[in-house]
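>>> Sequence first, then the predicted structure, then my questions.
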Amino acid sequence: MQLKCSHCHKSFLPTEIKDHRGKGLKMHIACPHCQAWLARHMGYTLAKLLAFYGGIIALICSFVMDDTSQVTTL
Ligand SMILES: [Zn+2]
């Protein structure tokens, strides 16, 4: 799996990464070409997915709660 730097747009392999900082979703890796700090792609995708589904769940919950409150007031 190749990674792509969002700074210099060059591809590199995970084995080429020499430096990283942080843990989990806040993990950053250093580009072997330009040394720019990049958010790990997988973590970033996962965080975006969680935010997306979290938003949908919140929407459904508010909708269901609105519905039940209407039912109880009737
Ligand atoms: Zn780079």
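Now that the structure is in, tell me what you want to look at. Numbering: from 1, shown residues only.
>>> so where's the chain uncertain?
Across the chain, residues meeting the criterion (pLDDT under 70) sit at 25, 41-46, 67-74.
>>> Now do the same contact list for residue 53.
Contacts for residue 53 (Cβ atoms under 8 Å, 6 or more residues apart in numbering) come out as none. For the C-beta atoms, the positions are set from N, CA and C on the backbone; glycine is no exception.
>>> so how far does stretch 17-28 reach from one end to the other?
Across its full length, stretch 17-28 reaches 11 Å between end residues, using Cα to Cα, to the nearest Å.
>>> From here on, call the first residue 26.
Happy to do that; since the first residue is 26 now, the last one works out to stretch 42-53.
>>> Is there proximity between it and the ion?
No - judged by Cβ under 5 Å from the ion, stretch 42-53 and the ion are separated, with a smallest distance of 11.1 Å.
>>> Tell me how far that stretch lies from the chain's centre.
14 Å (Cα atoms, centre = their mean, to the nearest Å).
>>> Stretch 59-66 too?
Centre-to-centre, stretch 59-66 and its host chain are 14 Å apart (Cα atoms, centre = their mean).
>>> Quick one: check it for contact with the ion.
Yes - Stretch 59-66 comes into contact with the ion (Cβ under 5 Å from the ion), by way of 59, 61.
>>> Pull out the buried positions in that stretch.
Judged by neighbour count (16 or more other Cβ atoms under 10 Å), stretch 59-66 contains these buried residues: 63-65.
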